[in-house]
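Q: heads up, no residue letters with this:
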Ligand code: PHE
């Protein structure tokens, strides 16, 4: 075949062959076919130049070099194109350049968040942690707390009885008894934990959480009770909340108080949550009743103390503006993810 014919043929096909390459491997074989040192078609033509006369050497030499350069440049361009992005073929299998799916991170349950906040605040005031069993005897849950059988105060708490003598504890107050039985004053503890009552509506679940508090020493007064609880409530809600202590009744404290805070929703203008009163009931408290001291053989002439019990769900609902306590235990991710 004449030099002219061979050249025309190469010039007409090389670019099409190059453009259909789908991978670096394809491209490399096309590159070798045209530009390979030994048997590449362009080099074969350059070698064949030697057989031509001077005039033709000049004419074809220039055209072959021009072709060589064009192929070289096109190969380089195609190479960077192929290595910079995935080919269409690889997209439907795996595309490493697509953004990944972010994993769903878990987090602490809102009740645990608030529980930890409460514990942190009391720890800061020097309280130690105490715990007790959730399955309690009648003695610890009631009797030692000055709630004898047939006492009307038993009706205040709808109890899950496991047997005549065993109950699911209805409050964390039995931990007071267990602590006082096992150590002498001074005592300064909080006892966080689960409690159980037969009750279920928008503000009650059969299981909920309380934090009990107990201080016993030689000269503890109602003034100490008021200042500790006032400081706690200001820390857990806001410096601006006001506290109010109302007379109440618990058989294990005397005197007893119900503690309210100024409504955190309406700043005491009156709203649906505080039922127009401007105040929200938060916890129960009081001075330890001498009858309780005698259960644990403490000398009530020598020691005085105060105790309090607060509901963790109640505080969490007020802090986060939640109007149905059951949301905490339904495990709906749309609810839990918000905290
Ligand atoms: N145990 C009481 C309740 O569950 C709360 C309380 C604790 C009140 C300690 C006074 C002192 O309602």
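A: Here it is on my side, so go on. All values reported here derive from a predicted model rather than from experimental measurement.
Q: and the one residue in the stretch 101-250 of the chain that gets nearest to the ligand, which of the three is it?
A: Proximity to the ligand, evaluated over the stretch 101-250 of the chain using CB to the nearest ligand atom, is greatest for residue 171 at 3.4 Å. Bear in mind the C-beta positions are built from the backbone N, C-alpha and C, glycine included. Applying DSSP: H, G, I helix; E, B strand; the rest coil to residue 171 yields a three-state assignment of coil.
Q: Distance check, it against residue 183.
A: Residue 171 sits at a distance of 21 Å from residue 183 (criterion: CB to CB, to the nearest Å).
Q: These two: which is more packed in?
A: When residue 171 and residue 183 are compared for neighbours, residue 171 comes out ahead with 24 against 13, by other CB atoms under 10 Å.
Q: is it true that the more buried one touches residue 212?
A: Yes. Shown here, residue 171 and residue 212 form a contact pair, counting by CB atoms under 8 Å, at 7.5 Å.
Q: between these two, what contacts are shared?
A: Contact with both residue 171 and residue 212 is made by residues residue 309, according to CB atoms under 8 Å, 6 or more residues apart in numbering.
Q: Now residue 63: which helix or strand?
A: Secondary structure assignment for residue 63, by DSSP states H and E: helix 54-84.
Q: hmm, back to that, what's near enough to touch the residue of the stretch 101-250 of the chain closest to the ligand?
A: If a contact means CB under 8 Å, 6+ apart, then residue 171 has 141, 157, 195, 210, 212, 309 as its contacts.
Q: ok so, going back, and the helix holding residue 63, which residues are buried?
A: When burial is assessed from 16 or more other CB atoms under 10 Å, helix 54-84 yields the following buried residues: 60, 63-64, 67-68, 71, 74-75, 78, 82.
Q: and residue 132, helix, strand or coil?
A: Each residue gets one of three states, and residue 132 gets coil by three-state DSSP.
Q: got the phi/psi numbers for the closest residue to the ligand within the chain?
A: The nearest approach of the chain to the ligand comes at residue 309, 2.7 Å away (CB to the nearest ligand atom). As for residue 309, its main-chain torsions (degrees, to the nearest 10) stand at phi -140, psi 130.
Q: Contact partners for it?
A: By CB under 8 Å, 6+ apart, the residues touching residue 309 are 171-173, 210-213, 283-285.
Q: And the helices in the stretch 101-250 of the chain, which stretches?
A: Counting by DSSP state H, counting those that start in this stretch, the segments of the stretch 101-250 of the chain that form helices are 110-124, 138-141, 174-182, 222-236.
Q: Near the closest residue to residue 6 other than its chain neighbours, how many residues? Count them for me, please.
A: In space, residue 6 comes closest to residue 45 once its chain neighbours are excluded; the distance is 6.3 Å by CB to CB, 6 or more residues apart in numbering. Residue 45 is flanked by 19 other residues according to other CB under 10 Å.
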